[in-house]
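Participant: The following comprises the amino acid sequence and a computationally predicted model.
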Amino acid sequence: MSTIDSLPPLRDVIRTHDLQARKSMGQNFLLDLNLTAKIARQAGDLTQCDVLEIGPGPGGLTRGLLSEGARHVLAIEKDVRCLPALAEIAATYPDRLTILEGDALEIDPLAHLSPPIRVAANLPYNIGTELLVRWLTPKEWPPFWQSLTLMFQREVAERIVARPGSKTYGRLALLAQWRADARIVLQLPPEAFTPPPKVSSSVVHLTALPEPRYPADAAVLSHVVATAFNQRRKMLRSALKGVAPDIEDRLLAAGLKPTDRAEQVPLEGFCALARAIAAP
Ligand code: SAM
């Protein structure tokens, strides 16, 4: 696929529609269509998929997703100033782009999407983590999405893919890796964006597993992990003493040492502990 469309260059689009980036909207635009096509390719074969995009802005990634062959793109944008530019893209790709104006935290996109569904976005940094956590914690698994291909500030991306023993290992890594494969697929310097942000960015690709990597009750696991990492440097027996009166026994039953610290415990260990705590 990979045909760059016949629309004007994004710099002209921004000038024509007067789309000065606004910090309050988390706006750092990607204007290089080769780069947006490359990001779209990280989402895999889109030809049989509907794609949910949050925050299309002037439409650089939207154009990448469409030129890479997405069956249909549903784009949710809060900034009304971007809508005319997005309408031009919709006219170039008849019946393949739907634009919803509004706040992605408020809108339920599912009525507008048909499976299989993939998510791809250069997320506004102020709601990126919240959206990711929502996508990772649906009421039922598997979720509505097959994969998430998301731009984050590098520090957030590193927290998603972190391994035990690293400084960035914590709740987000465990949440992501319990039910998905997560890897960083692209690194972008600040200059890739207009205006350049202060920090580097990374694209993370997450693929939903058909079922959790290890069995555990989602609510118990989430509570145990949150409590353990609230005091990440304490030994588990003291960090978790409020979770169960016989926490030392439960830790031992899970094959963990009461003197371990949260940041050393792998996902498998937390799942075993969640099962031991949920046991009668
Ligand atoms: N996708 C474009 C690109 O890559 O150039 C723009 C990315 S920019 C980092 C984030 C976009 O999200 C902006 O267009 C901004 O207006 C939009 N946005 C911010 N908050 C939003 C929200 N709550 N719901 C939907 N879109 C939002």
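Facilitator: Yep, it's here. Numbers count the residues shown, from 1 in each chain.

Participant: Domains in the chain, by residue range?
Facilitator: Domain assignment for the chain by automatic domain parsing gives 3-208, 218-278.

Participant: would you say residue 150 is within a strand?
Facilitator: Yes: assigned with DSSP: H, G, I helix; E, B strand; the rest coil, residue 150 falls within a strand.

Participant: list the contacts for it?
Facilitator: 119-121, 123, 128, 132, 203-204, 206 (C-beta atoms under 8 Å, 6 or more residues apart in numbering). Quick note: C-beta positions are derived from backbone N, CA and C, even for glycine.

Participant: The spatially closest residue to residue 213 that is not a sequence neighbour: neighbouring residues, count only.
Facilitator: Leaving aside its sequence neighbours, residue 213 sits nearest to residue 178 (C-beta to C-beta, 6 or more residues apart in numbering; 5.9 Å). Residues lying near residue 178 (other C-beta atoms under 10 Å) number 23.

Participant: Surely residue 33 and residue 59 touch.
Facilitator: No: the pair residue 33 / residue 59 is not scored as a contact, 10.0 Å apart, by C-beta atoms under 8 Å.

Participant: quick one: contacts of the helix or strand hosting the residue nearest to residue 213?
Facilitator: Residue 178 is part of helix 171-179, with elements assigned from DSSP states H and E. In this structure, residues lying in contact with helix 171-179 by C-beta under 8 Å, 6+ apart are 129, 132-133, 136-137, 141, 156, 159-163, 182, 206, 208-209, 211-214, 216, 221-222, 225-226, 229, 267, 270-271.

Participant: Could you tell me which residues of the stretch 1-150 of the chain lie near the ligand?
Facilitator: 25-30, 54-57, 60-61, 76-79, 82, 103-105, 122, 124, 127 (C-beta under 6 Å from any ligand atom).
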